[in-house]
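> sharing a sequence plus its predicted fold:
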Amino acid sequence: MPRETCNTCLRPPNVCYCSALVSLANAVRVVIIQHPLEEKHPFNTGRMAHLCLNNSKLIVAETLSGELQNQLLSNPSGLLYPSLEWLPDSIEVDGAGLLANKIEGAPVPFEQLIVIDATWRKSKKILHLNPQLQKLPRINLGGGLKSNYSIRKTSVSDGLSTIESISKAMQLLEGRDDFQQLLKPFEKMIELQKHHRRN
């Protein structure tokens, strides 16, 4: 018999984080491409971000059809992803420059933020399998970042969870501090999981 789970966050009732979910209006649409293995991970934060952002779309797939890629990328889009050494011709957008332009009143350069929700190895595979994503300008948050994702390991020293990355990127793109509220359910999930492990 399958165990009981919440219909919204898909977590067991004793570690359900839904009470901490927020509702944020975002002008820049966030499209989260989630690897199928990530969908089933108990600590995935891509779904969490989708639940909090009013203007967002969650796509669970490793390979997107050409038609879907064309549809998604019909609007000016940026890809949230770090430096791609294996793709030297890709265009990188400096995060600090985005914020400076926004503060000065310059229009947002993108209508859409594309985010890959997967482990680092799987995210590279998604990029390889979807060449149109490789052509997008990339938003790099820079180094020296510290994640609070203490309940899940990462192979990258300054890697952030998907929801932490989206929170920072949206602050840069829209110049609004309220995107820090995205971290409320994230922090709640960590708190509940640590309590669950202790008991």
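Yep, that arrived.
> for Asp117, see how far away the spatially most central residue of the chain is.
By C-alpha atoms, centre = their mean, the chain has its centre lying nearest to Thr162, at 3.6 Å. With distances taken as C-beta to C-beta, to the nearest Å, Thr162 is found 5 Å from Asp117. For the C-beta atoms, the positions are set from N, CA and C on the backbone; glycine is no exception.
> between those two, what contacts are shared?
Ile32, Asn44, Thr45, Gly46 (C-beta atoms under 8 Å, 6 or more residues apart in numbering).
> any idea which helix or strand in this protein has the lowest mean pLDDT?
Of all helical and strand segments in the chain, the minimum by mean pLDDT, DSSP states H and E falls on helix 95-103, at a mean of 57.
> can you name the next helix or strand after that helix?
Proceeding N to C from helix 95-103, the next assigned helix or strand is strand 112-117, under DSSP states H and E.
> now do the contacts for Ser77.
Contacts of Ser77 by C-beta under 8 Å, 6+ apart are Val31, Phe110, Glu111, Gln112, Leu113, Ile114, Leu136.
> can you show me the helices along this structure?
36-39, 46-52, 66-72, 95-103, 120-129, 131-134, 162-174, 183-198 (DSSP state H).
> wait, Pro12 touches Thr5, no?
Yes: with contacts counted by C-beta atoms under 8 Å, Pro12 reaches Thr5, the gap being 5.8 Å.
> that older thread, write the PyMOL selection for whichever of the contacts of Ser77 are buried.
A single PyMOL command selects the buried members of the contacts of Ser77 (16 or more other C-beta atoms under 10 Å):
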select buried, resi 31+110+112+113+114+136
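> mind putting the contacts of Ser77 into a markdown table with pLDDT and distance to Phe179?
Formatted as a markdown table, the contacts of Ser77 follow (pLDDT from 0 to 100; distance: C-beta to C-beta, whole Å):
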| residue | pLDDT | distance to Phe179 |
| --- | --- | --- |
| Val31 | 97 | 16 |
| Phe110 | 83 | 15 |
| Glu111 | 90 | 17 |
| Gln112 | 94 | 16 |
| Leu113 | 94 | 11 |
| Ile114 | 95 | 17 |
| Leu136 | 86 | 21 |
